[in-house]
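Participant: Let's see this in three dimensions:
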Amino acid sequence: MPLQSLVDYFNDRLGREHGSSFRPFSLEDGKVSGMFGHLRIDSFFTPIRQTLKPTSIVGHIAQITVAPGKPQQLCASQIENLLANRAPAAEFESIINFDRLCRTVHMLNYLTLAHLQGVLFLDVDPRHILGIKQDHGAYFEEVIIQCGLQTKNVVITLTANSQYARFYRELMVGLDNYRRRGYQIALKLEYFAPGSATDDLISQIAPDYLTLSARHLEHRAQDDNALQLLQQHVAKVGGKTLLQQIDEKKADVCARTAGFDWVEGGYYRAIAFDYLRPENTAKQQAMMGG
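Facilitator: Got it, this is the predicted structure:
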């Protein structure tokens, strides 16, 4: 289905669901945007690479950019509330709608990259999971199918946060519901804290992926042995590890030494082609002398 037709479809769908004539999605210059209140939501994607073959792109992380949708003053706290999870806890419905709109924008824009056959990482607000009482992922599955894609290529990313520790059981139910629909699960650590608590969380969730920011390692003495143990523990539950936000060579070396499976970050932007494509593999072999 042409991209404009998909945009029209989702506009019509939201109009029916909310009894409104407002059409939040728009297509301009080949890119889809979504309106949430007075905010315009856009997508950008950062490539995920194999650690030992960083020219090989294995997936993307979807992120949002936010801008005023109309030429008017916008309170900075409004943007911060939406992006930093500071909205009042009672506004579950608003959070759910925001998450759904963002993910629909991401999927529509991802169609231009879907031919790469990689995975797409999408952050999900824990309050979204807590706000949905059953059938987690059902609504989004319809979006994915309508776009001609599959849930198995979508990774639902949950950030480990002590604020939600007492809701652990409810979060696990939500993650299990996503899994039953074919989604993969990623656990994102906000900071590197080796120890039994982290190990227990990994064992209980058994994520398909564990992600950690390289920037969280900059302010502490690097413990390569602890990182290696972390990687090995994730491997035991059948998962892969991803080190994100690699901005310099030191972090790349850390990822290689610790055995991280995948990497992401600005350090790799100079790599301009995909190692796995046949024509580029031939070029790579020629450059290496065979």
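
Participant: Where does the prediction get shaky in this protein?
Facilitator: Filtered on pLDDT under 70, the chain yields the residue ranges 18, 69-93, 95, 116, 194, 218-223, 271-290.

Participant: pull the longest helix from it.
Facilitator: Determined from DSSP state H, the single longest helix within the chain is helix 92-110.

Participant: Which elements pack onto it?
Facilitator: Helices and strands touching helix 92-110, by 3 or more Cβ pairs under 8 Å, 6 or more residues apart in numbering; DSSP states H and E, are helix 3-18, strand 25-28, strand 31-36, strand 39-50, strand 57-68, strand 119-123, helix 126-131, helix 138-146. Where you see a C-beta, it was placed from the backbone N, CA and C, and this is true even at glycine.

Participant: Asp208 is nearest to which of the ones you listed?
Facilitator: Minimum separation from Asp208 across those (Cβ to Cβ) falls at strand 119-123, 8.9 Å.

Participant: can you give me the angle that closest one makes with helix 138-146?
Facilitator: Put simply, strand 119-123 runs at 150 degrees to helix 138-146, going by axes from the mean of the first three to the mean of the last three Cα atoms, to 10 degrees.

Participant: Pull out the CA atoms of strand 119-123 and give them to me as CSV.
Facilitator: These are the backbone C-alpha positions of strand 119-123, laid out as CSV (Å, rounded to 0.1, in the frame of the first residue of the first chain):
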residue,chain,number,x,y,z
VAL,A,119,15.2,-5.5,14.0
LEU,A,120,13.6,-2.2,15.2
PHE,A,121,14.0,-1.2,18.8
LEU,A,122,11.2,0.9,20.2
ASP,A,123,11.1,2.3,23.8
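
Participant: From the contact counts, what lies against that strand?
Facilitator: On a contact count with 3+ Cβ pairs under 8 Å, 6+ apart, strand 119-123 meets strand 39-50, strand 57-68, helix 92-110, strand 154-160, strand 184-189.

Participant: Pull the number of nearby residues for His60.
Facilitator: 23 (other Cβ atoms under 10 Å).

Participant: of all the helices and strands packed on strand 119-123, which lies closest to Ala270?
Facilitator: Per Cβ to Cβ, nearest to Ala270 of those: strand 39-50, 12.1 Å.

Participant: Sort out which residues of that closest one are buried, please.
Facilitator: Residues of strand 39-50 classed as buried by neighbour count (16 or more other Cβ atoms under 10 Å): 39-43, 45-50.

Participant: now the helices: where do they sit in the stretch 151-290 of the chain?
Facilitator: For the stretch 151-290 of the chain, applying DSSP state H, counting those that start in this stretch gives helices covering 168-180, 196-205, 224-236, 249-258, 278-287.

Participant: coming back round to it: show residues contacting the longest helix of the chain.
Facilitator: Helix 92-110 has contacts (Cβ atoms under 8 Å, 6 or more residues apart in numbering) with 3, 6-7, 10, 24-25, 31-34, 36, 41-43, 45, 60, 62, 64, 82, 87, 120, 122, 124-125, 127-128, 130-132, 139-140, 143-144, 147, 149.

Participant: So Arg100 versus Phe140, what's the distance?
Facilitator: 7 Å (Cβ to Cβ, to the nearest Å).

Participant: who has more neighbours, the two?
Facilitator: For Arg100 versus Phe140, the count of surrounding residues by other Cβ under 10 Å is larger for Phe140: 22 against 17.

Participant: Can you name the residues that contact that one?
Facilitator: 100, 103, 154.

Participant: correct me, but Arg256 touches Pro54?
Facilitator: No - assessed by Cβ atoms under 8 Å, Arg256 is found out of contact with Pro54, at 9.8 Å.
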